[in-house]
Each structure stands twice: as structure tokens, then as C-alpha cells.
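*Asks:* Test case, fold it:
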Amino acid sequence: EALRDDMVKLGMDRSRIEVHYTGLDQNKFRPVDRAAVKSKIGVSGPLFITTGALIARKNQALVIEAMTSFPEATLLLAGHGEKEASYRKLAARLGVAERIRFLGSLSHDALAGLVAAADISILVSKSEGLANAWVEALSCGTPIIISEAGGARELLRSPAAGRIVGESPEEISEAIMSILANPPAQETVRSAVAGFSWQTNGDQLIRLFTNLAK
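*Replies:* Numbering: from 1, shown residues only. Take a look at the predicted model:
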């Protein structure tokens, strides 16, 4: 709906724009035993993950800065990009480098397990549509902290699913503390994206193209 609004602002006819949401493999992106996976990867405290290319638009620098408030936490950065070197320098300067893991690009299978193991998924991009990373994290039962971007409010309709914050380390830290203080049940978080699936995605496309062909 947010993208539709942008298109209308460009002069397009709202009545001719169909909103279509992403699909999701809920069998792959599903809750896991967090404690067991954390133990396997050598993490004992809170675990956060940020999924996305390491570029300025994704704002990973803000998450790295927020890590200074959580000395027992570990942050996974899944993705690669032009900002990796500067992010590594920032982490070293802030004294959090030992608790931040740069994972590079991961297969969907590997990514799904790590997202599900995380206590919180954080992606405070400057702009998004309706990010796959948001939907996949929720399907894993992992609450999200995201920025007021794109379809954020279309997806996050319950505090149990996460928080929408401003683009600042302080607001990210406050949201982290709030979620860690009262962590939601994985299945409650997962219910936020119960309507997302590749079956639903395909059915919507069939209806769309059938109507166009009439």
C-alpha cells in the first residue's frame, strides 16, 4: 500500500493499482530451539541479526552503535557490500568488534536458522518497500525492530511482533530493552505473517491475470 501511495503521487490512477504482497516459505522460516542453536554457534547472551546488503541505505551503522548498550549481546550481520570496511572500523572504534560477526552472503537455508535463533531482527533502513527480511523474521518467531519505511505499519500491527523506531541508536536501544524485558512467544510473533505464503502469492497472481484477460 505504501508503494501504491508513492505511485499515486507520481500521477497514476489508484483504482488501476493492485497491491500484491511477497510470498514466504513458512516451512523453511520457522521457529527453532533458540538456546540449542545459540549454544551450537557459541553465543550465550542475547543474539541480534541484521539481514541485508552492507550499504548506507540499510543503516547497519546505527545497529552497531546501539551494541554499546548491550555488553552481553552478539550481533550477526548477514550480507556484504561497500560499507563493510567502514563498519568493521566503526565496530573496532566503539569497542564492540569482538561481538559482531560479519557473515557475508548466506544461503536461504543457513539464513533461516540464524534468523530463527536470534532474539531480535533489526533492520532500520532509510527506505524499503515491504522487506522480505521483515516477513521472514516474523515467520521464524523473531520480533523485529524496523524504521518507519515503506510498508512497516502494514506489517507491524501488534507490539508482540516488534517495534517501529526512528533512525537513531538511542531509539533502537530502547526498543531492544523493551523486547528483551518482555520477550513474546515465538508462535505469537509468527502469527503476524500467517497470511503470507507462496500459495497465497500465486493465487493472487492468478486472480490478477485472469481479470486482466477478461
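
*Asks:* okay, which residue is most central for the protein?
*Replies:* W134 (3.5 Å; CA atoms, centre = their mean).

*Asks:* got a list of what that one touches?
*Replies:* Contacts for W134 (CB atoms under 8 Å, 6 or more residues apart in numbering) come out as S121, L123, E128, I144, I146, A152, L155. The C-beta positions use only the backbone N, C-alpha and C, and glycine is treated the same way.

*Asks:* next one: A160
*Replies:* Counting by CB under 8 Å, 6+ apart, A160 has contacts P143, P184, A185, T188, V189, A192.

*Asks:* Name the SS class of it, please.
*Replies:* Going by DSSP: H, G, I helix; E, B strand; the rest coil, the secondary structure assigned to A160 is helix.

*Asks:* Can you tell me what sits against the longest helix anywhere in the chain?
*Replies:* Looking across the chain with DSSP state H, the single longest helix is helix 198-213. Helix 198-213 has contacts (CB under 8 Å, 6+ apart) with E18, H20, Y21, T22, G23, L24, D25.

*Asks:* quick one: the residue nearest to the centre of the chain is in a helix?
*Replies:* Yes - assessed with three-state DSSP, W134 lies in a helix.

*Asks:* Could you pull up the residues touching I179?
*Replies:* Contacts for I179 (CB under 8 Å, 6+ apart) come out as D119, I120, P143, I145, G162, R163.

*Asks:* quick one: average pLDDT of the helix or strand hosting it?
*Replies:* I179 is located in helix 169-181, with elements delineated by DSSP states H and E. Helix 169-181 carries an average pLDDT of 97.

*Asks:* Off-centre distance for that helix?
*Replies:* Relative to its parent chain, helix 169-181 has a centroid offset of 15 Å by CA atoms, centre = their mean, to the nearest Å.

*Asks:* pLDDT on the next helix-or-strand element following that helix, on average?
*Replies:* Using DSSP H and E, the helix or strand that follows helix 169-181 in sequence is helix 186-190. For helix 186-190, mean pLDDT rounds to 96.
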